[in-house]
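Participant: Quick one, fold the following:
(chains A, B, C and D)
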There are 2 protein chains.
Amino acid sequence: MAKSVKKRSRAAVIPYHHGDLRRALIDAALALAAEGGPSAVSVREAARRAGVSPGAPFRHFDSREALMTAVAEEAQQRFRAEIDAALAGTAAEGPLRQLKLLGMAYLRWAMRNPAHFEIISTGRWFDHDAAVAVSRDNADAIALSEQLLAQAAASGQLRPVDLKATQIAGRALVYGLARMNIDRHFPRWGVQPEQVERIAEQALDVFISGIAK
Amino acid sequence: MAKSVKKRSRAAVIPYHHGDLRRALIDAALALAAEGGPSAVSVREAARRAGVSPGAPFRHFDSREALMTAVAEEAQQRFRAEIDAALAGTAAEGPLRQLKLLGMAYLRWAMRNPAHFEIISTGRWFDHDAAVAVSRDNADAIALSEQLLAQAAASGQLRPVDLKATQIAGRALVYGLARMNIDRHFPRWGVQPEQVERIAEQALDVFISGIAK
DNA sequence: ACCTGAACACCGTTCAAGT
DNA sequence: ACCTGAACACCGTTCAAGT
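Facilitator: Residues are numbered from 1 along each chain as shown, chains lettered A, B, ... in the order given. Take a look at the predicted model:
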């Protein structure tokens, strides 16, 4: 056996250099978050799962916050992919229908990935200024909802509403629904886990019908 | 000098028994939360501020979670007092007006006490089952919004909407606005701190106008 | 270049001993 | 009864030393 390798259970060979420790730490952190929420992510436990010593992660991330920032970037990429896929080729269906599809894709991913959604939404968990992709996607989403609302208004599909307040209200609605799920409010409202996505969609319908002419 | 007292700065006399350590710890925890958010609350720092040793709090609270539960009960009491005051004597103004007053009182307190609001809303910060007053107030608030909505429907003030979905949408809207504030979303939406309460009220108006006939 | 392992300053929590 | 102070098992982070 070469000097530079160690034995492990089931004879797996672990070289001194991990190979892609950065990637392994991000994956471990994503798994820890999914299992116990964002606060369950610890640098030491991620290191343990990657099979390295407690100090090793700091060669790749300056701090726990830097690891969380990388996790947020990864989660944001998955979130955006789902939303882009849901909107692809729907331009002809009209702005109000697209707003509903946007809201539904947002809610669907948030409901199925609560811990990852919490990380990218909360801002306390990572350094927002360092997470360029998260900020960019956020700005894109804001611009998109603004355009769709403006299109709906221009084509006479809306009741007379304040567009800015309507845009904020729409975002507050979907973010509130996603947060109620994360913060375990739905049982108190008599909504069972398997009904959450359906009731959220109905709530979105109530809102869109309310602003539509 | 008596044996049972110690000297401190400015000659304050600190007896061996604190007097009301439980109260002092809750106040310290509320202050820590207000300064740095719920995660900034530590048992050791609360003990330090109360002038006692690290182990002393555990005579009054079984765990950090038990301290947070007491903090949540205190915050909930203040929150409820503000809402009750806002609704006192408004029955004659009609259910939709009362819903708006309820929403505005909720938002006003949440916006001005973000960390305390976060503690009572998040559920991860304390033991919900042990916080009887929080659960009771929550159930009361849910029942109240349900009654007001039912009254509005019965007196023909609503467009044909699904009452349950409307109730959830209304709560998601106000909770989402409160959360956007806590999670620092408003700057991204071009809303400055001093505009937050006004835009939140406008968003509430958009929603209520949308469900009203 | 990358990782180990010991160290340090925190934190929650326990417990014998003091008042 | 209530509090101290030392202890233990964690965690984030650093750094000399190893490969």
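Participant: if I look at A:Pro54, how far off is B:Ala92?
Facilitator: 65 Å (Cβ to Cβ, to the nearest Å). To be clear about C-beta, it is placed using only N, CA and C from the backbone, and glycine gets the same treatment.
Participant: now check stretch A:198-210, is it near chain B?
Facilitator: Yes: residues of stretch A:198-210 contacting chain B under Cβ under 8 Å from any Cβ of the partner chain: A:199-200, A:202-207, A:209-210.
Participant: no, scratch that, I was asking about stretch A:23-40
Facilitator: Yes: applying Cβ under 8 Å from any Cβ, one finds stretch A:23-40 touching chain B at A:37, A:39.
Participant: That stretch close to DNA strand C?
Facilitator: No: judged by Cβ under 7 Å from any atom of the strand, stretch A:23-40 and DNA strand C are separated, with a smallest distance of 8.6 Å.
Participant: Work out the gap between that stretch and the centre of the chain.
Facilitator: Remark: stretch A:23-40 is offset 13 Å from the chain centroid, using Cα atoms, centre = their mean, to the nearest Å.
Participant: got it, and stretch A:109-121?
Facilitator: Stretch A:109-121 sits 4 Å away from the centroid of its parent chain (Cα atoms, centre = their mean).
Participant: what's the answer for stretch A:58-68, then?
Facilitator: 20 Å.
Participant: Repeat that for stretch A:64-74.
Facilitator: On Cα atoms, centre = their mean, the centre of stretch A:64-74 falls 12 Å from the chain's centre.
Participant: need the contact list for A:Leu148.
Facilitator: Contacts here follow Cβ atoms under 8 Å, 6 or more residues apart in numbering or on different chains; on that basis A:Leu148 touches A:95-96, A:98-99, A:102.
Participant: wait, which of these is closest to B:Asp20?
Facilitator: Closest approach between the contacts of A:Leu148 and B:Asp20, by Cβ to Cβ: A:Leu102, at 53.1 Å.
Participant: A:Asp84 is in contact with that closest one, correct?
Facilitator: No: contact between A:Leu102 and A:Asp84 fails when scored by Cβ atoms under 8 Å: they sit 10.4 Å apart.
Participant: Among these two, which residue is more densely surrounded?
Facilitator: Shown here are A:Leu102 and A:Asp84; by other Cβ atoms under 10 Å in any protein chain shown, A:Leu102 has more neighbours (21 against 12).
Participant: what's the closest non-adjacent residue to the more buried one?
Facilitator: In space, and not counting its chain neighbours, A:Leu102 is closest to A:Leu87: 6.3 Å by Cβ to Cβ, 6 or more residues apart in numbering or on different chains.
Participant: With A:Val191 instead?
Facilitator: A:Ile199 (5.3 Å).
Participant: Pull the number of nearby residues for that neighbour.
Facilitator: Counted with other Cβ under 10 Å, A:Ile199 comes out at 22.
Participant: Could you do A:Gly170 as well?
Facilitator: Close neighbours of A:Gly170, defined as other Cβ under 10 Å, add up to 25.
Participant: go on, A:Val206?
Facilitator: Neighbour tally, A:Val206, other Cβ under 10 Å: 24.
Participant: next one: A:Ile208
Facilitator: For A:Ile208, using other Cβ under 10 Å, the count is 18.
Participant: Check the gap between it and B:Thr166 for me.
Facilitator: Counting by Cβ to Cβ, the gap from A:Ile208 to B:Thr166 is 13 Å.
Participant: what do you get for A:Gly94?
Facilitator: On the measure of Cβ to Cβ, A:Gly94 and B:Thr166 end up 24 Å apart.
Participant: Looking at those two, which is more packed in?
Facilitator: B:Thr166 (24 against 15).
Participant: Enumerate every residue touching the more buried one.
Facilitator: Here B:Thr166 is in contact with A:203, A:206, B:149, B:158, B:211 (Cβ under 8 Å, 6+ apart).
Participant: Then A:Lys100?
Facilitator: A:204-205, A:208.
Participant: Go ahead and confirm the residue nearest to A:Leu102 touches A:Leu101.
Facilitator: Yes: look at A:Leu87 against A:Leu101 with Cβ under 8 Å: they come within range, at 6.0 Å.
Participant: And the pLDDT at A:Tyr16?
Facilitator: Turning to A:Tyr16, the model gives it a pLDDT of 64.
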